[in-house]
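J.: here's my sequence, what's the structure:
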Amino acid sequence: MSFAYSSIQTRQEAGVRFATLDAGPLNLIGVDLVRDLVSLVDTLYTDPGDVRVVVIDSASPEFFSAHVDLTAIPQYTAEAAKAGGPGDASLGMFLYKLAHVPMITIAKVRGRARGGGNELALACDMIFASRENAIFGQFESGTGALPGAGGIQHLTRRLGRTRAIEAITGADDFDADLAERYGWINRALPDAELDGFVESLAKRIAGFPPEGVKAAKRAINGLTLPDRANVRSDSATFLGLVALPESRERLDYLADRGLQTPGELERDLGKAVAEFRG
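T.: This is a model prediction of the structure:
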């Protein structure tokens, strides 16, 4: 079974829906991708059929998702609002909804998952990554902002206070091995083994009686996921900070050097945010 989206490829097999992000070489979280993600998540709540596990990965070998489309924040926010209404008009609240879908979700990461792209992965129940190719990062502090779509909430819970402060305020890249050691992800696997491992685990879980799996997820979510108020607060703070003159100056500087286009800067963004020359 397949489902028609403009920026996500999908297929379904043995109770597992595979959703492959395909929104250009960087997989920026922009209007089209948010629209399709909102539609995908809506079906998981309203018409899931026999879907018991969802696997999210990327068609790009270099980028799971680089970050949000920084030129279209109001536009993708309007699309995200369709997931929950005007009171929840933020990417963070949409990803909060993703974290609570009644089936298991797995992010399979090759390439770079930074900013909102990392927050998309963190909203999933599990993250497995290519040891050779995966990079994780929250670079927002390097531009004068902060992670506004769940990064602070999830990383603090996963990494603990001191490591979360390092990851978020340091704004640097973490390779898959370091991310595994810190608890950012479940496992770093050899790239040649990643696909088979994730597919086997997804189909294993999908083969179990679903009510027990759902009940376990609800119980664990109740103990570990943030409150709505915390996510809303981070989202509002991000929107305020990214509009400040100093943030705009740094983002413009990065844009002049190649931000949001395939190339060296996006490949090494964790390094580039520390090289501002005002």
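J.: in this structure, what helix or strand scores lowest on average pLDDT?
T.: Using mean pLDDT, DSSP states H and E, helix 73-81 stands out as the lowest-scoring helix or strand of the chain, at a mean of 83.
J.: packing partners for that helix?
T.: helix 31-46, helix 91-99, helix 228-242 (3 or more Cβ pairs under 8 Å, 6 or more residues apart in numbering; DSSP states H and E). Placement of C-beta: from N, CA and C, glycine included.
J.: export that helix to PDB, keeping only CA atoms.
T.: Provided in PDB are the C-alpha atoms of helix 73-81 (Å, rounded to 0.1, in the frame of the first residue of the first chain):
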ATOM      1  CA  ILE A  73       9.000  30.200   9.500                       C
ATOM      2  CA  PRO A  74       5.500  31.900   9.500                       C
ATOM      3  CA  GLN A  75       4.400  29.700   6.500                       C
ATOM      4  CA  TYR A  76       5.500  26.300   7.900                       C
ATOM      5  CA  THR A  77       4.100  27.400  11.300                       C
ATOM      6  CA  ALA A  78       0.700  27.900   9.700                       C
ATOM      7  CA  GLU A  79       0.900  24.400   8.200                       C
ATOM      8  CA  ALA A  80       1.900  23.000  11.600                       C
ATOM      9  CA  ALA A  81      -1.100  24.700  13.200                       C
END
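J.: the inter-axis angle of that helix versus helix 31-46?
T.: 10 degrees (axes from the mean of the first three to the mean of the last three Cα atoms, to 10 degrees).
J.: so helix 73-81 versus helix 228-242, what angle?
T.: Orientation check (the same axes, to 10 degrees): helix 73-81 against helix 228-242 gives 170 degrees.
J.: shaky segments in the stretch 1-150 of the chain?
T.: Along the stretch 1-150 of the chain, the parts satisfying pLDDT under 70 run over 1-3, 85-87.
J.: strands of that one, start to end?
T.: Residue ranges of the strands in the stretch 1-150 of the chain, as given by DSSP state E, counting those that start in this stretch, are 8-13, 16-21, 53-58, 63-65, 104-109, 112-114, 126-130, 135-137.
J.: got the contact list for the last one?
T.: Strand 135-137 is touched from outside by 109, 111-115, 118, 121, 129, 167, 171-176, 179, 184-185, 269-270, with contacts defined as Cβ atoms under 8 Å, 6 or more residues apart in numbering.
J.: ditto for the first one
T.: By Cβ under 8 Å, 6+ apart, the residues outside strand 8-13 that reach it are 1-3, 17-23, 33, 36-37, 40, 51, 59, 203.
J.: ok, of those residues, which come out buried?
T.: Using 16 or more other Cβ atoms under 10 Å as the burial test, these include 17-23, 33, 36-37, 40, 51, 203 as buried.
J.: just how off-centre is stretch 231-247 within its chain?
T.: 18 Å (Cα atoms, centre = their mean, to the nearest Å).
J.: how about the strands of the stretch 1-150 of the chain, which one is nearest A236?
T.: Within those, the stretch nearest A236 is strand 112-114; the backing value is 21.6 Å (Cβ to Cβ).
J.: look up the closest residue to the spatially most central residue of the chain, ignoring the ones flanking it.
T.: The centre of the chain sits closest to L120, judged by Cα atoms, centre = their mean, with a distance of 1.6 Å. Nearest residue to L120, sequence neighbours excluded (Cβ to Cβ, 6 or more residues apart in numbering): S65, at 5.9 Å.
J.: so what's that neighbour up against?
T.: Contacts of S65 (Cβ under 8 Å, 6+ apart): 21, 26-29, 33, 58, 112-114, 116-118, 120-121.
J.: re the thing from before, is it possible to export the helices and strands packed on helix 73-81 to TSV including distance to A216?
T.: Output for the helices and strands packed on helix 73-81, formatted as TSV (distance: least, Cβ to Cβ, whole Å):
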stretch	distance to A216
helix 31-46	17
helix 91-99	15
helix 228-242	22
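J.: quickly compare those helices and say which is most buried.
T.: Mean neighbour count (mean count of other Cβ atoms under 10 Å) peaks for helix 91-99 among the helices and strands packed on helix 73-81, with a mean of 25.
J.: so how far is that one from its chain's centroid?
T.: Helix 91-99 sits 10 Å away from the centroid of its parent chain (Cα atoms, centre = their mean).
J.: tell me what it is packed against?
T.: With contacts taken as 3+ Cβ pairs under 8 Å, 6+ apart, helix 91-99 sits against helix 31-46, helix 73-81, helix 116-122, helix 228-242.
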